[in-house]
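Asks: Below are the sequence and a predicted model; questions follow.
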Amino acid sequence: MIFEMGAKLEGDSFDTKKEDKKKNSKQTIESKNKHQLVFTFEKRKGKPVTLVGRFYLLDKDKKEILKLLKKKLACGGSIKEEWIELQGDVKIKVKEILQKEGWKFK
């Protein structure tokens, strides 16, 4: 045969996102008093979203904080990288709850 149809990409990887995630998976972990948390407010599809972050913690610890906030505020939320996203404009309540837990803000 002179040539073969199709590409042989066995050793090549064009999916750079996986490699980037592997590089970013090594997080720096800091204690509560070294964090300087910041609030960001956005409107997504006409609905308010409060972002709190940057949390430099293990994923398990971030999930515990998210669970606490969702329970106390009765709202939905998720974790995106180092940020916690909460549904609604809940900045004041979040700040009160996290300050009681020992977190610091800018």
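Replies: Yep, that arrived.
Asks: buried ones in stretch 54-62?
Replies: Residues of stretch 54-62 classed as buried: F55, L57, K62 (neighbour count, 16 or more other C-beta atoms under 10 Å). Yep, even glycine has a C-beta here, placed from its N, CA and C like the rest.
Asks: Next one, pLDDT for the first one please.
Replies: Translated: F55. pLDDT for F55: 88.
Asks: Now do it against R44, distance only.
Replies: Separation of F55 from R44 (C-beta to C-beta, to the nearest Å) stands at 20 Å.
Asks: do the same with the last one
Replies: Taking C-beta to C-beta as the measure, K62 and R44 are separated by 21 Å.
Asks: What is whichever helix in the chain runs longest packed up against?
Replies: In the chain, with assignment by DSSP state H, the single longest helix is helix 59-73. For helix 59-73, the elements it packs on are strand 77-80, strand 83-87, helix 91-100, judged by 3 or more C-beta pairs under 8 Å, 6 or more residues apart in numbering; DSSP states H and E.
Asks: List the contacts of Y56.
Replies: By C-beta atoms under 8 Å, 6 or more residues apart in numbering, the contact set of Y56 is Q27, T28, I29, E30, H35, E82.
Asks: Out of those, which end up buried?
Replies: With neighbours counted by 16+ other C-beta under 10 Å, the contacts of Y56 contain buried members at H35.
Asks: what stretches of the chain score poorly on pLDDT?
Replies: Along the chain, segments meeting pLDDT under 70 span 1-27, 32-33.
Asks: wait, doesn't Q99 sit right on F105?
Replies: Yes - Q99 lies in contact with F105 (C-beta atoms under 8 Å); the separation is 7.5 Å.
Asks: Name all residues that make contact with the residue lying closest to K70 once chain neighbours are set aside.
Replies: Nearest non-adjacent residue to K70, counting by C-beta to C-beta, 6 or more residues apart in numbering: G77, 5.1 Å away. Shown in contact with G77 (C-beta under 8 Å, 6+ apart): L66, L69, K70, I84, E85, L86, Q87.
Asks: how much space between the closest residue to R54 other than its chain neighbours and L73?
Replies: Using C-beta to C-beta, 6+ apart and skipping the chain neighbours, the partner closest in space to R54 is E82 (4.1 Å). For E82, the distance to L73 equals 20 Å [C-beta to C-beta].
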